[in-house]
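>>> need a structure here:
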Amino acid sequence: MYNIRQYLSLHTTWPYRPADFERYDPSSDSQFYVHPRLVTHIDDHAIAALQTYYSTALPKQGRILDFCSSWISHFPPELADRATEEDGLEVIGLGMNQHELDCNPILRQRIIRDLNVEPSIPEGPPLDAATCVVSIDYLTRPRDVLTSLRERMKPGGQVHLAVSNRCFPTKAIRRWLEISEQSRLDMVGDYLYFAGWKKVEIVELSDGTAELTLAEARAIGRNESERYRVDPLWVVRAEA
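Next up, the predicted model:
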């Protein structure tokens with residue numbers, strides 16, 4: 001169903017410099033995210049593709065951490081229903097804005113943490129899986145975060161990092177803005193590889209070549225040059 005590429009890093013040592021993780025806006029992320037943004041950051045086509053992927057890739061029971069979380073986690077209805085059952089799936093949201101997390105109905109637990117200040121996952125019972133949607137590009141210490149996450153996972157648990165080309169450019173790391181989409185996927189693969197994860201794979205959910213209708217494009221504020229293109233979407237995943 002999906003185009004899946006096994007990722008093997010070409011590097012034997014961490015290939016990135018501190019300057020790669022600088023940002024054009026170095027101000028506090030806590031201040032940047034102080035106001036809730038109850039919007040979606042990928043279009044409906046990408047959301048539908050992600051929900052379809054999650055329906056087979058995520059466990060139906062256990063504990064899932066949705067980090068860099070917000071008011072919506074893009075889980076498919078069957079998983080969202082399980083998350084609202086008392087003894088069902090437990091979804092923990094880790095994010096930056098309390099109001100956004102409070103608006104997310106599938107979250108059983110809500111944690112406020114700036115991972116660029118404190119790049120670790122809080123202690124707790126082992127996790128069965130973790131998700132992160134179009135936010136890995138904002139982390140200035142991704143290897144530390146993903147190492148900590150791996151240490152919190154059950155053996156064989158998976159992390160699923162959804163990647164697109166949508167971002168707040170002033171808050172994305174510098175290197176992300178300077179390289180191609182393919183190089184970005186390889187860089188996220190390196191994050192996982194050097195954080196000790198195994199079986200790193202890049203899964204293509206949408207190549208971005210499908211077209212939006214004019215009404216859909218206008219609804220999400222696309223400009224004339226890009227309005228007919230849907231958002232591309234990949235998942236870079238790995239196993240603890």
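>>> tell me, how many neighbours does Glu86 end up with?
Neighbourhood size, Glu86 [other Cβ atoms under 10 Å]: 5. No exception for glycine: its C-beta is placed from N, CA and C like everyone else's.
>>> An error on my part: the question was meant for Ser9.
There are 17 residues near Ser9, going by other Cβ under 10 Å.
>>> Confirm it sits in a strand?
No - according to DSSP: H, G, I helix; E, B strand; the rest coil, Ser9 belongs to no strand; its state is coil.
>>> separation between it and Gly189?
For Ser9, the distance to Gly189 (Cβ to Cβ, to the nearest Å) stands at 7 Å.
>>> now for the top strand by length along the chain, which elements pack on it?
For the chain, the strand with the greatest residue count under DSSP state E is strand 153-163. Packed against strand 153-163 by the contact rule (3 or more Cβ pairs under 8 Å, 6 or more residues apart in numbering; DSSP states H and E) you find helix 44-57, strand 127-133, helix 142-152, helix 181-194, strand 233-239.
>>> tell me the mean pLDDT for the helix or strand hosting Leu101?
Per DSSP states H and E, Leu101 falls inside helix 98-102. Average pLDDT, helix 98-102: 95.
>>> buried residues in it?
Glu100, Leu101 (16 or more other Cβ atoms under 10 Å).
>>> Now Ala80. Nearest residue, chain neighbours left out?
Closest residue to Ala80 apart from its sequence neighbours, by Cβ to Cβ, 6 or more residues apart in numbering: Ile106 at 5.0 Å.
>>> correct me, but the one you found touches Thr84?
Yes - counting by Cβ atoms under 8 Å, Ile106 does reach Thr84; the two are 6.6 Å apart.
>>> Among these two, which residue is more densely surrounded?
Ranked by neighbour count (other Cβ under 10 Å), Ile106 and Thr84 place Ile106 first, with 21 against 13.
>>> What are the phi and psi values at that one?
The phi and psi values for Ile106, taken as degrees, to the nearest 10, are phi -90, psi -10.
>>> cool, and Ile4?
Main-chain torsions, Ile4, degrees, to the nearest 10: phi -120, psi 130.
>>> What is the helix or strand hosting Ile111 packed up against?
According to DSSP H and E, Ile111 maps onto strand 107-112. When contacts are defined as 3+ Cβ pairs under 8 Å, 6+ apart, strand 107-112 sits against strand 90-95, helix 98-102.
>>> what residue ranges in the protein score low on pLDDT?
Of all residues in the chain, those with pLDDT under 70 make up the ranges 34-40, 207-229.
>>> mind listing what's buried in the strand or helix carrying Leu177?
Using DSSP H and E, Leu177 sits in helix 174-178. Across helix 174-178, burial judged by 16+ other Cβ under 10 Å covers Arg175, Trp176.
>>> swap in stretch 17-37?
Phe21, Arg23, Asp29, Phe32, Tyr33, Pro36.
>>> contacts for that stretch?
Around stretch 17-37, the neighbours that count as contacts under Cβ atoms under 8 Å, 6 or more residues apart in numbering are 70-71, 96-97, 99-100, 103, 114, 116-117, 138, 140-141, 168-175.
>>> Nearest to Trp14, out of the helices and strands packed on strand 153-163?
helix 181-194 (5.4 Å; Cβ to Cβ).
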